[in-house]
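Student: I need the structure of the sequence given here:
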Amino acid sequence: MIRTAPVPHPAPLPYRAQLTVERELSGIRIDSFLVRHFRNYTSWRMQRIVRGGGATINAAPAAESDRVFEGQTVSVRLLEPPDKLLAPSPCRLPVLYSDAWIVVVNKPAGVIAHPTGEHQSDTLVNQLQHWADGNSPLRGLLRPGLVHRLDRQTSGVMVAVLHHLSHRRLAEAFEDGRVSKSYLALVEGRIERDRGEVRLPIGRARTGRHVLMSSRADALDPRPALTRFEVVQRFSRSTLVRAYPATGRNHQIRVHLAQIGHPLVGDEFYQAHGRIRPIRMASDAADESVDASGSTVETGLPIRRHALHAERLSAAHPITGVWMEWDAPLPKDFADTLQLLQRENGR
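Tutor: Numbering: from 1, shown residues only. Next comes the predicted model:
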């Protein structure tokens with residue numbers, strides 16, 4: 001594992017690193033092993049470095065065709081800079097937790113997870129690359145990766161990985177449902193029951209708008225989905241609920257709550273009982289590539305987006321196995337909205 005610490009100036013090339021071969025990577029070629037650890041390098045670039053005498057295995061010069069095995073010591077001199085480095089953007093993400101393996105942030109609404117289409121900078125991973133570069137001795141030494149996502153206009157807790165092993169183990173935990181997630185959602189209308197669950201399959205909506213999902217009977221390629229919820233507070237025309245998605249389908253909470261007649265306040269796409277909101281303008285259609293409109297939504301409230309916030313994420317640390325919980329405070333637009341509704345309740 002590469003240990004990192006904040007440094008005032010980037011280290012010059014060549015940069016030397018020493019690694020111990022993990023059980024999970026035992027038996028693979030040395031260039032593949034090194035690419036797993038230095039994920040901003042392509043196999044071609046790492047092969048050049050090995051071919052140029054930049055790597056050893058247990059102090060013996062390594063050849064491109066050599067394989068590495070558990071417990072061996074691999075030393076590498078990074079003779080060339082990374083060749084697939086994400087463009088770093090100034091990091092404005094509140095960091096909730098970080099160590100050598102993971103970083104947890106409170107994602108603001110409006111931030112896209114990955115570069116896509118016309119959005120090639122200032123995304124979550126671009127900002128995380130900037131953060132990682134400021135916390136390692138060489139620009140591009142670390143490449144942050146995501147194992148889950150939040151919609152563009154959803155705020156809250158997201159965890160990113162900094163190492164191939166934490167990436168693999170956390171991805172498996174999310175896939176197997178070994179994480180716990182809770183969201184705060186402000187929905188239209190009053191939900192009278194204190195708690196409930198929505199157990200409806202989710203598939204692609206038959207709209208031609210490929211990112212939109214549906215729980216209607218005519219949805220394409222439906223997959224099982226389960227969302228549990230409990231009422232936190234009722235207002236005159238809306239309800240604050242805490243939602244617990246037991247599965248991880250795209251737009252799951254938004255689709256499920258809308259399907260039972262309570263769409264999120266400010267939802268760009270989903271209306272009650274499976275209806276899809278018409279496209280308002282061409283820019284909204286283009287923005288579907290990133291799962292949400294970039295424009296504000298008129299709600300009559302301080303919040304001008306869909307009212308969904310990932311308040312807590314709990315999981316076993318991918319390396320230590322210690323169960324950890326991360327909480328993200330409500331952003332100002334959501335908090336201001338609740339204060340306004342609570343004042344109106346008290347009248």
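Student: for residue 296, see how far away residue 71 is.
Tutor: In this view, residue 71 and residue 296 are 56 Å apart by Cβ to Cβ, to the nearest Å. Just so you know, the C-beta spots here come from the backbone N, C-alpha and C atoms, and that holds for glycine as well.
Student: wait, I meant residue 192
Tutor: If you go by Cβ to Cβ, the gap between residue 192 and residue 296 works out to 31 Å.
Student: check residue 247 too.
Tutor: 30 Å.
Student: with residue 216 instead?
Tutor: Counting by Cβ to Cβ - residue 216 and residue 296 are separated by 28 Å.
Student: and for residue 174, the neighbour number?
Tutor: Using other Cβ atoms under 10 Å, the number of residues around residue 174 comes to 15.
Student: which of the helices and strands in the protein ranks last by mean pLDDT?
Tutor: helix 282-286 (a mean of 40; mean pLDDT, DSSP states H and E).
Student: so residue 152, which state does it fall into?
Tutor: coil (DSSP: H, G, I helix; E, B strand; the rest coil).
Student: quick check, it in contact with residue 108.
Tutor: No. Judged on Cβ atoms under 8 Å, residue 152 makes no contact with residue 108 at a distance of 10.4 Å.
Student: just want to know which of the two has more residues nearby.
Tutor: residue 152 (23 against 16).
Student: what does the model give the more buried one for pLDDT?
Tutor: In this model, residue 152 is scored at 93, pLDDT.
Student: do residue 187 as well
Tutor: For residue 187, the model assigns a pLDDT of 98.
Student: just confirm it is within a strand.
Tutor: Yes. According to three-state DSSP, residue 187 belongs to a strand.
Student: residue 102 and residue 14, how far apart?
Tutor: Residue 102 sits 28 Å away from residue 14, going by Cβ to Cβ.
Student: more neighbours, those two?
Tutor: residue 102 (23 against 14).
Student: the more buried one is in contact with residue 169, isn't it?
Tutor: No. Between residue 102 and residue 169 no contact is recorded; they are 10.2 Å apart, counting by Cβ under 8 Å.
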